[in-house]
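Enquirer: Provided below for reference: sequence and predicted model.
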Amino acid sequence: MQNTNLASNDNTGVEEVSVSLRHYEFKKRLGEGGFGQVHEAWDSKLCRPVAIKQLKATEGAGSAIQTSSLLKEARLAASLKHPAFVKIFAIEDEDNSHSIVMELVPGLTLKQLLQQNPQQPLPEQQAINIISQVAEAMQEAHASGLIHGDLKPSNLMVEPDGKVRILDFGLASKTDAQATTSMSQLDPQGTIAYMAPERMMGSPASAQSDIYALGVILYETLTGQRPFANASGLALAAALMQSNSDTWEFPAGCKPELIKLVLAMTARQTEKRLNNMQQVHEQLRGLVSVPVLVAAGGAVDVNSISGNGWKALSKPKRFAIVSAIIVALGYGAWQAVPYLEMDKMSLKPFSESLTMKQGLEALRQYDIPSSLNKAQASFETILKRNPDHAGAVAGLSIIYTFRYDSDRQDSVLLQKADASAQQALKLNDKLALSHIALARVRSQMGKNDLAQNSYEQALALDPDNIFATFGLVTVLRKLKRYDEAIKIAAAGLEKFPYERMFAEELGAVYAELSKYTEAEKFFRISIKIQPDSVAAYANLSNILVRQNRETEAKQILQQGLLIRPDALLYSNMGQILFNDGEYVKAAEAFEAAISPDKGSPARYDGWANWGDTLRWIPGQEEKAKKAYERARELLSQRLPTIPKKADATMISRFGLYSIRIGDMQTGMKYLYQALELDPENRNVHFRLGLAHELLGKRDEAINELGMAIKYQLPIKTIESEPDLLSLRRDQRYIKLVDHEKK
């Protein structure tokens, strides 16, 4: 989509329209995108041409969030003062739609300029001039805390006088979120080619990603084509992610300084990239050729000017010559300075605030391997220099709880998290992160009411803290206060549209409410926001299975496994195979889920799943029993001393595992305890019904399974349990299911 008078060689149509908006008379359509259309229009009040973006009239929570984000970004863009940014005149509301009225910019986009001579570079000085203007403007935007997020040739307009204008500022990064993740549907010249590797891995747009995009544009102006010009979609994304820009080819005559600049702007690792747009602008300015000084009679020979000849020159001519010499000397000095490798970051002075910021940023990517290690390294670096840094201590506590919750489930981690949280509060009880650390520990201990209080204290200190907001939503879901959780999560997704955690929590809430359509929607949004998060693939596959869409679920799991092996993905795959009666393949998947290299050997549910499957493979009974013993051993470390309602599911599992290894008395004790804690828990009723069937108590089994169905347990769960095969033939059960279906 473009805000421009389109040239005749552009593929976008110029469909005439007769619609109007208040005092704006629409002329022709200039472009169209996922968010709506752009029209040239006439402002009859001020008698001037304008461009109008009409946002699509949409319905639903997700659409409302997107529209709100677009309007918010339009307001931010309007605050920019640099002349390169397109001026926004007004935001108009009419019925269910919103329109953004802005300046109509003449000229051609950089994409159109490049297409005039396909595969041919622009003149070097023209390329330097264009990119330098963009860098100068983006330097101002970044200083204001604003990111473009979608710099590319089609978003850069070159006016007839050579001035560059930047289109779609602050809108592209929002409206193209779907396009950038639906890679197979993208134009090969589109967003992916200019997207920094970290963005393809799910990181939000940043100043560093803008620098990368501008570096690719510079490369394209110098060579006439983008990197990997013959690739598109996923193939292009893979090529960019698996290579470094130092493998890109440059024309033989390209200046070494320009090549070095492109490489510094497009380094795959952000820490090796140029730090800011100011550096880009300054280096480009140094590459501007010194103009030849021409007087009325022709070029001036500096060597011939001496003595009386110099005095004979007018003052303006003397000033011009001196200025040229200064510029030339400065340019030569710049060329003489060796290019500093970006990996020599260790030579820079240590910045405690920057290191803390880097640690928190890595912490936000907690579900991506190595991110927790990066965060821990940042916090420990701070503590080596300042052992009383409350923020770093709290950060370590949060890392311990994330590790406890994900792979290792080691009680020592929870103890370390608790100790660190208490130390952080002692060091600084006015720091929001200290209260967040304590809240996470309390939640892991099953003390969700206390965790809620700690999160609310954190938000009182820092109302926009993303960790506190997300944590509060999670705790409210655990407390089954779903309406409150949905309200806060939806607001969080609107405020932090690049953070998948709020979409993930919305999906989890709707899943617990058995609203599978809504759950599926938000899990898909989570994947779009962060395609590298395997948890979203696992959760989405679960929801698809509940809707009897097993084939789609398998496809989603395969997409996740292409990213990396993960215990959740293998577990879900094993469950689907188990439900299909493919016990050998299911056992292989569950074994992968608890293996050290592909999964997590410390997950009790992984061992239980493996045990469930081994029981149906001849000769594996003893191995199955050992798997249940290991599952019960791991789970026993997590059972609370004073159990609460939220612990009912865990306690019921412990009871069933006990029965599986022959400890009937302990098993029934824990199952009835779980039922007392949460009488409406469908999973507790299901496990108690299964236990009764295993003990030969058919009447009690059918009664408990009926209660499970009443509380929305999918019938498929019962029908896929081999131990209930005989029960399912019982006429009482058949009548129960028939009644439910009616």
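Expert: All right, it came through fine.
Enquirer: what's Asn465 in contact with, if anything?
Expert: Residues in contact with Asn465 (C-beta atoms under 8 Å, 6 or more residues apart in numbering) are Ala432, Leu433, Ile436, Ala458, Leu459. C-beta coordinates here come from the backbone N, C-alpha and C atoms, glycine included.
Enquirer: restricted to helices, list those.
Expert: Counted as lying in helices by DSSP state H, out of those, are Ala432, Leu433, Ile436, Ala458, Leu459.
Enquirer: what's the neighbour count on the second one?
Expert: Here the count is done by other C-beta atoms under 10 Å, and Leu433 has 27 residues near it.
Enquirer: which residues does it contact?
Expert: Per C-beta under 8 Å, 6+ apart, neighbours of Leu433: Ala390, Gly391, Ala394, Gly395, Ile398, Ala424, Ala458, Asn465, Phe467.
Enquirer: from Ala586, how far off is the last one?
Expert: Using C-beta to C-beta, to the nearest Å, we find Phe467 at a distance of 37 Å from Ala586.
Enquirer: identify the residues contacting the closest residue to Pro118 other than its chain neighbours.
Expert: Once flanking residues are discounted, Pro118 sits nearest to Gly224: 7.4 Å by C-beta to C-beta, 6 or more residues apart in numbering. The neighbours of Gly224, taking C-beta under 8 Å, 6+ apart as the test, are Leu114, Asn117, Pro118, Gln119, Gln120, Pro121.
Enquirer: centre of the chain to stretch 512-521, how far?
Expert: Mean-position distance between stretch 512-521 and its chain equals 21 Å (C-alpha atoms, centre = their mean, to the nearest Å).
Enquirer: that should have said stretch 734-742, apologies.
Expert: In terms of C-alpha atoms, centre = their mean, the centre of stretch 734-742 is found 44 Å from the chain centre.
Enquirer: on that earlier part again, which of the ones in helices among the contacts of Asn465 sits closest to Glu582?
Expert: When the ones in helices among the contacts of Asn465 are ranked by distance to Glu582 (C-beta to C-beta), Ile436 comes first, at 43.8 Å.
Enquirer: surely that closest one and Tyr455 touch.
Expert: Yes: using C-beta atoms under 8 Å, Ile436 makes contact with Tyr455 at a distance of 6.9 Å.
Enquirer: common neighbours of the two, please.
Expert: Common neighbours of Ile436 and Tyr455 (C-beta under 8 Å, 6+ apart) are Ala468, Gly471.
Enquirer: which of the two has more residues huddled nearby?
Expert: Ile436 (32 against 29).
Enquirer: for the more buried one, what are its contacts?
Expert: If you count contacts by C-beta under 8 Å, 6+ apart, Ile436 has them with Ala394, Ile398, Ser454, Tyr455, Ala458, Asn465, Phe467, Ala468, Gly471.
Enquirer: okay, and the second one sits in which element?
Expert: With secondary structure defined by DSSP states H and E, Ile398 is part of helix 390-406.
Enquirer: which strands and helices sit next to that helix?
Expert: Judged by 3 or more C-beta pairs under 8 Å, 6 or more residues apart in numbering; DSSP states H and E, the packing partners of helix 390-406 are helix 352-364, helix 371-385, helix 411-427, helix 432-444.
Enquirer: weakest of those by average pLDDT?
Expert: For the helices and strands packed on helix 390-406, the weakest mean pLDDT is recorded on helix 352-364, namely a mean of 85.
Enquirer: other SSEs contacting that helix?
Expert: Judged by 3+ C-beta pairs under 8 Å, 6+ apart, helix 352-364 is in contact with helix 371-385, helix 390-406.
Enquirer: now, of those helices, which is deepest in the fold?
Expert: Highest mean neighbour count among these (mean count of other C-beta atoms under 10 Å): helix 390-406, with a mean of 24.
Enquirer: any chance of the helices and strands packed on helix 352-364 in a markdown table, with distance to Lys28 too?
Expert: Listed next are the helices and strands packed on helix 352-364 as a markdown table, based on distance: least, C-beta to C-beta, whole Å:
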| stretch | distance to Lys28 |
| --- | --- |
| helix 371-385 | 48 |
| helix 390-406 | 53 |
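Enquirer: which stretch among these comes nearest Leu569?
Expert: The nearest among these, by C-beta to C-beta, is helix 390-406 at 13.4 Å.
Enquirer: report the angle between the closest one and helix 352-364.
Expert: Interaxial angle of helix 390-406 relative to helix 352-364 (axes from the mean of the first three to the mean of the last three C-alpha atoms, to 10 degrees): 10 degrees.
Enquirer: for helix 390-406, give the mean pLDDT please.
Expert: 91.
Enquirer: contact partners of it?
Expert: The list of residues contacting helix 390-406 from outside it, by C-beta under 8 Å, 6+ apart, reads 356, 359-360, 363, 366-367, 372, 375-376, 378-380, 382-383, 386, 410, 413-414, 416-418, 420-421, 423-424, 427-428, 431, 433-434, 436-438, 440-441, 444, 467, 600.
Enquirer: and the nearest residue to Leu151 once chain neighbours are set aside, how far is that from Glu505?
Expert: Closest residue to Leu151 apart from its sequence neighbours, by C-beta to C-beta, 6+ apart: Ala213 at 3.9 Å. Distance of Ala213 to Glu505, computed by C-beta to C-beta: 31 Å.
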